[in-house]
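Student: what shape does this take:
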Amino acid sequence: THTTARYNAKSAREQLLEFSKKLRKAIYEIDPEIKSKLPAKVNNGILEDEITYCKKLIAKVRQDETLASYPKVSERLNILQETVEDDLEHLALSKDEDATIGHKTADTAFFGYKTHLAMTPERIITAAEVTSGEKHDGKQLEILVEKSRSAGIKVESIIGDAAYSEKSNLEYAKEEEIQLVSRLSPTITHGNRRNEDKFEYNKDAGMYVCKAGHMSIRKTSSRPKKHAKDGKGTVESYFFDVEKCKICPQREGCYMLGAKTKSYSVSVKAKIHSEQVEFQETKVFKQLAKQRYMIEAKNSELKHRHGYDVASSSGLFGMHLQAAVTIFAVNLKRIFTLLGE
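Tutor: Down below sits the predicted model:
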């Protein structure tokens with residue numbers, strides 16, 4: 001489940017710029033001629049200078065009691081005043097160094113964390129793994145299984161979405177004699193690919209995400225003519241925003257300076273997991289797959305009834321504490337419910 005960080009993915013200066021801009025807009029709507037009387041804006045990227053500008057702007061507006069008395073101006077003036085006077089912790093809204101940008105879909109992103117959960121059919125959470133927002137869901141499967149086993153759970157089957165059907169998980173499940181009820185995705189179950197540690201597949205968006213957290217913006221697919229029908233030899237190329245690559249702090253060894261495009265390609269092997277393809281069509285798979293809704297319902301309970309949609313503090317340590325307390329409370333409630341049935 002996704003948890004939004006307590007702090008925004010904006011720097012203190014960006015937040016001040018936004019609030020001061022909103023204040024000026026409200027002022028211009030009332031008195032368009034006042035623009036020349038306001039202090040000159042700064043755009044040198046220095047936080048201290050932005051704070052100084054905001055203080056001058058606040059003082060100038062407060063001098064005009066009539067202008068400052070307008071509700072729209074007064075509200076935005078107070079917000080800017082509080083932001084400037086706030087302490088460093090609250091001013092630097094991006095100081096959660098562990099939180100990262102993750103993606104729910106190709107069009108929606110969040111700044112925060114992920115909590116990967118394992119749960120029994122009785123809806124008792126048996127394991128949790130807290131990670132930063134960009135981490136791939138499927139990579140946590142083995143960790144969740146081992147944690148559940150250490151809690152005394154006998155794991156016979158695993159029900160999850162397509163993120164868990166990657167090759168390594170299928171091999172692990174077969175080795176451990178576990179039924180993996182997870183539909184195959186031709187992109188996730190690809191064969192060998194280069195730079196596996198630098199690019200991870202986001203099953204929600206259907207795109208790859210680089211190590212810096214940037215998601216590809218489009219993809220193309222090609223294959224040899226002789227394999228037009230069977231799909232063998234298919235290569236999918238994922239293209240990234242070059243403008244982001246140019247200024248990315250991790251561009252060395254990833255983006256060639258001056259290049260007009262940046263792409264990442266994977267070879268998709270059709271029907272590489274024939275056993276899983278056959279298993280997907282069985283009554284057992286289809287019946288077990290119907291139970292997956294329970295984890296989504298549990299995610300909703302954690303977020304909407306216990307405030308797990310937003311982090312209560314900053315950092316992974318704080319997120320671990322919040323996860324432990326929240327999951328303990330949710331499990332306790334469920335146990336009491338089961339005892340009462």
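Student: point out where the stretch 201-341 of the chain drops to low pLDDT.
Tutor: Using pLDDT under 70 as the threshold, the predicted model of the stretch 201-341 of the chain has low-confidence ranges 223-234, 268-274.
Student: can you show me the strands along it?
Tutor: Taking DSSP state E, counting those that start in this stretch as the test, the strands found in the stretch 201-341 of the chain are 207-210, 218-222, 234-240, 262-268.
Student: tell me the buried residues in stretch 200-215?
Tutor: The neighbour-count criterion (16 or more other C-beta atoms under 10 Å) identifies 200-205, 207-210, 212-215 as the buried residues of stretch 200-215. Every residue, glycine included, has its C-beta placed from N, CA and C.
Student: just stretch 56-75 next, same as before
Tutor: By neighbour count, and taking 16+ other C-beta under 10 Å as the criterion, the buried residues in stretch 56-75 are Leu57, Ile58, Lys60, Val61, Leu67, Ala68, Tyr70, Val73.
Student: my guess is the fourth one contacts Ser74, does it?
Tutor: It refers to Val61. No: contact between Val61 and Ser74 fails when scored by C-beta atoms under 8 Å: they sit 9.4 Å apart.
Student: most packed of the strands of the stretch 201-341 of the chain?
Tutor: By mean neighbour count, with neighbours taken as mean count of other C-beta atoms under 10 Å, strand 207-210 ranks first of those at a mean of 23.
Student: pick the one among the buried residues of stretch 200-215 closest to Asn44.
Tutor: In terms of C-beta to C-beta, no member of the buried residues of stretch 200-215 lies closer to Asn44 than Ala212, at 25.8 Å.
Student: chain neighbours aside, what residue packs nearest to the closest one?
Tutor: Of all residues not flanking Ala212 in the chain, Gln250 sits nearest, at 4.7 Å (C-beta to C-beta, 6 or more residues apart in numbering).
Student: possible to save the buried residues of stretch 200-215 as TSV with distance to Arg183?
Tutor: TSV is the format used below for the buried residues of stretch 200-215 (distance: C-beta to C-beta, whole Å):
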residue	distance to Arg183
Glu200	19
Tyr201	14
Asn202	16
Lys203	10
Asp204	14
Ala205	17
Met207	18
Tyr208	19
Val209	21
Cys210	26
Ala212	29
Gly213	26
His214	27
Met215	22
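Student: pick out the most distant pair among those residues.
Tutor: By the measure C-beta to C-beta, the buried residues of stretch 200-215 have their two most distant members at Lys203 and Ala212, which lie 19.5 Å apart.
Student: and Glu129, what helix or strand is that in?
Tutor: For Glu129, the enclosing helix or strand under DSSP states H and E is strand 125-132.
Student: and the next element down the chain from that strand?
Tutor: Following the chain from strand 125-132 toward its C-terminal end, the next helix or strand by DSSP H and E is helix 141-150.
Student: quick check: buried residues in that following helix?
Tutor: In terms of neighbour count (16+ other C-beta under 10 Å), helix 141-150 has its buried residues at Leu141, Leu144, Val145, Lys147, Ser148.
Student: next, the angle from that helix to strand 125-132.
Tutor: An angle of 140 degrees separates the directions of helix 141-150 and strand 125-132 when computed by axes from the mean of the first three to the mean of the last three C-alpha atoms, to 10 degrees.
Student: with just CA atoms, put helix 141-150 into CSV.
Tutor: Below are the C-alpha coordinates for helix 141-150, written out as CSV (Å, rounded to 0.1, in the frame of the first residue of the first chain):
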residue,chain,number,x,y,z
LEU,A,141,7.9,-11.5,-2.2
GLU,A,142,10.6,-13.8,-0.8
ILE,A,143,11.1,-11.4,2.2
LEU,A,144,7.4,-11.5,3.0
VAL,A,145,7.2,-15.3,2.7
GLU,A,146,10.2,-15.8,5.1
LYS,A,147,8.8,-13.3,7.6
SER,A,148,5.4,-15.1,7.5
ARG,A,149,7.1,-18.4,8.1
SER,A,150,9.1,-17.0,11.0
